[in-house]
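This is a predicted model, with the sequence first.
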Amino acid sequence: MDLRRVKNPEKLMMCRRYYLAGFFVLPFLWLVNGIWFFKEAFRKPPYTEQAQIRSYVIRSLIGSAVWLAIIITWVIIFQLKRVSWGVTGEMFTFILPSGSA
Amino acid sequence: MASCWSGSYQLTILILCLSWISVNSLRTRKKIYIDLETQNSCFRIMNATHQTGCTSSRRGNVGVLYYLRTAADYEWVTTKGPNAPYIVVMNSSDFMGLNIKELLKHRDRVNGIMFISLEENTTSLYPEIGFSAVDTCPNDRSGLYWNHKDFGSCKKTTWNTAGTGLLHQDIGIPVFSLTDPNDVHNVLHNCFFKFNMKEPMQPSTTYPLCAAEAMSFMVAAVDTVTCLRRSSRVSLSLSGGSTFCDPLGDVNNHVTMLNTPQNVTRLNDTVIVVGTRVDSTSLINYQYTAADTSAAGIVGLLAAMEALWKVKDTIRNTTGAKDIMFAFFQGESYDYIGSSSMVYSMQQGTFPQDLDKDEDALHLQRIRLQHIDQFVELNQVGYRDESSLWLHTDPHNHRIVTGKIEQMIDGLKQAAKPLDVSLQEADKTQPLPPASAQRFLLERGNVPVVVITDHQAEFTNKFYNSHLDMAELINATDYPPGLSDKEKYDYVTTQAEMLANLSTALARYLFKASTGLQPDKSMEKILTADSSTVTHLLYCFLISPNCEIFKETVSPQNAQTLEEAMLPFPFYVGVNSHETEVSALISLLSARFTGDIVNLDQSDCKQPNSDVRYTYTYVQGNVSADGKSRTGWCLKSLAQKTEALSPAFTIDGYDMMSGQYSTWTESRWITVSVRLFLVPSQQMQLLILCTGLVVLVLSLLLVYLVSSSADVVFSNYGTRSTTPATAAR
């Protein structure tokens, strides 16, 4: 969708929807929201809805950053500990490695 | 018109170019690599706690090829040589425990091992100190003496002194054997001497050098428990779940003398069991020769069977005659798979047939452990220690059933005496050697057991469970020069003669043990094993399976497979989903030697529903009088197959860690291959990569420059691109 053709109140509504939907364990939605509305929030000349959009964008970005940190931590722990967790580790594994533990 | 013609002309050129490229690319591949024929690779097996055997990395192990001949060569590849990693080639006679373990200590520099299993004029196949793939105390963990204070871990006698334990070690690099003369020529003369040893005794260090890529990647890992758990996992992938490993297993064969149905009570101590082991093992796939390890025992038992069944009517008509069961145990090399599974089904009451399956039909009466009267086992019988065979007993067993065992020993000795077979008692304080009978003694300690084998203490066979347990070492190929294959098949070798005498002694002993009658002269004459059967069977099992007695005894459907078989059938137990040729042949031969030919044609040669005691087997039979077709025999016999799969895999909720039953599984693999090619130096490889990268960057730069100044380069570029856009606005 081309944001240039969307009216400002509509932009705010969309940004808000994306932000709220992100709470349903959808960090990617926050990331998309943050990137998509970044220009609207920070680069465009001021307009009435901009302050609210800006706050949603910032919160979305913080949320996705927190998620990113969580995911990276999990991946590191999982890769390091999977083998020693044994059966439990295997239950978390989607694609089993062949030829090694 | 002209443009159309030029269009098709260009197309033709394009097609020609493309086809030329594809043909050429095939040639380029061939120009780069020499593919070796060998498929004889070591592979990974697992038990409940370990993975052992060989594997390569996922894409194959690569190393500069080096042919090891002297001690200096070993030093070169393990420490000095500048072109590590190496893949080493060695002669069969150097392929022995010490050398391999030395190489395995330097796995960072030695990336693979190949050895030449080919007899050449100058080198012998056999290492002087012997070679056995298993350890010095085979099957100790699963035997009678595990943790025994006097006999455990072979404290009293180390049976297998040539044991290397390599089969039960995680070797971790690929090991291949070269049996094809072309492969050997390629490796030595088109690769090693041509590029890596241009001057004699002066290893070349300058590139290009000839390297090998050995590929034998094993998909299973860790241990049986992990592997089976992973294999049974519900998979979400569209291609279905994947199986990583399979339990080892096959079938046991046995045949009983009497057809006791289920409505006749079987008394305790009325079944004489005569057993032998069927399988052998080795480090290398396809090279499972087992001349002494098991083949001699199998043939000895089959010949005794043939002799004994000639008097089957006398035995069956003697009131109170004991039943005689000939048993062939499969998978014994891997913690007694066959015997433990037979013992387990005897305990469950499902041996030899499951009576609950079809209650109306006539079945064979159950045989339980308490029904066993005595157990005689033929172990290795090929090499004779002090030209004698030795009778082994278990000290504890000997103590509790002394009378019966003495009686058995005397009976065997008496039967052997007139036949020029020397039978002597081994040290009574010595435990039993590795034998299937141990699994019976584990569950019932008072079964009288005598094990007949060719060693007094340690094994006389220096190549027990290895690829070198060859027919020639047990004098089974001592033909006079210039014999054709047909003449070799019929020639009675020294081993065949010796084995036939043993079979005769065994048959006469069993006759007496069963009926209590002393065979008279005419009976003795009938109770004589046929030395030509023995020599035929030895030839067929050890030299070429494409032989008359096998042809007569296979079904018409399998005749083609037999016709195509070039090498002796392997004695490895294999995975349980596949019945080995050796087991199938033992079953067929048992049917032939013990069964009656009934007048039924192939389609009617089937078991009736009302009586399932008998097996009906249709085989090709001998060549008929016209010399073209075969007569076809329908054999009705009591020969039976039962599953030889470790109870560990069939008992629900079995604790794999308990160590009670065999837990061996074999990993699956996708490709096994070796290829040779030339490698340039590291600097050269880097240079080529960098040149490629530079060219890539330059070309990107060029494209960018051209496209950014397109209106300068292409005179009408600007007008063509802007006009339609303007129109659209």
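Sure, I can see it. Residues are numbered from 1 along each chain as shown, chains lettered A, B, ... in the order given.

what's the offset of the helix or strand where residue B:589 lies from the middle of its chain?
Assigned by DSSP states H and E, residue B:589 falls within helix B:581-594. Distance, stretch centre to chain centre, for helix B:581-594: 18 Å (C-alpha atoms, centre = their mean, to the nearest Å).

Model confidence at the residue positioned nearest the centre of chain B, what's the number?
Chain B has residue B:572 as the residue nearest its centroid, 1.9 Å off, counting by C-alpha atoms, centre = their mean. Each residue has a pLDDT score; the one for residue B:572 is 95.

what element comes up after the helix holding residue B:589 heading to the C-terminus?
Sequence order places strand B:596-598 as the next helix or strand after helix B:581-594, per DSSP H and E.

How far off centre is that following strand?
Its chain's C-alpha centre and that of strand B:596-598 lie 33 Å apart, by C-alpha atoms, centre = their mean.

which helices and strands does it pack with?
If you count contacts as 3 or more C-beta pairs under 8 Å, 6 or more residues apart in numbering or on different chains; DSSP states H and E, strand B:596-598 packs onto strand B:633-637. The C-beta positions use only the backbone N, C-alpha and C, and glycine is treated the same way.

so the helix holding residue B:589 versus strand B:633-637, what angle?
Going by axes from the mean of the first three to the mean of the last three C-alpha atoms, to 10 degrees, helix B:581-594 is angled at 80 degrees with respect to strand B:633-637.

In PDB, list the C-alpha atoms belonging to helix B:581-594.
Only the C-alpha atoms of helix B:581-594 are listed here, as PDB (Å, rounded to 0.1, in the frame of the first residue of the first chain):
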ATOM      1  CA  GLU B 581      21.000 -65.400   1.700                       C
ATOM      2  CA  VAL B 582      23.000 -67.600   4.100                       C
ATOM      3  CA  SER B 583      19.900 -68.100   6.400                       C
ATOM      4  CA  ALA B 584      17.700 -68.700   3.400                       C
ATOM      5  CA  LEU B 585      20.100 -71.300   2.100                       C
ATOM      6  CA  ILE B 586      20.400 -73.100   5.500                       C
ATOM      7  CA  SER B 587      16.600 -73.300   5.600                       C
ATOM      8  CA  LEU B 588      16.400 -74.700   2.100                       C
ATOM      9  CA  LEU B 589      19.200 -77.200   2.700                       C
ATOM     10  CA  SER B 590      17.700 -78.300   6.000                       C
ATOM     11  CA  ALA B 591      14.400 -78.900   4.200                       C
ATOM     12  CA  ARG B 592      16.300 -80.900   1.500                       C
ATOM     13  CA  PHE B 593      18.300 -83.000   3.900                       C
ATOM     14  CA  THR B 594      15.400 -83.800   6.300                       C
END
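
Tell me the helices and strands packed up against it.
With contacts taken as 3+ C-beta pairs under 8 Å, 6+ apart, helix B:581-594 sits against strand B:249-256, helix B:296-309, strand B:323-329, helix B:531-542, helix B:548-553, strand B:615-619, strand B:633-637, strand B:639-645.

what pLDDT does the nearest residue to residue B:345 once chain neighbours are set aside get?
Using C-beta to C-beta, 6 or more residues apart in numbering or on different chains and skipping residues adjacent in sequence, the residue nearest residue B:345 is residue B:351, 4.2 Å away. Looking at residue B:351, its pLDDT stands at 90.
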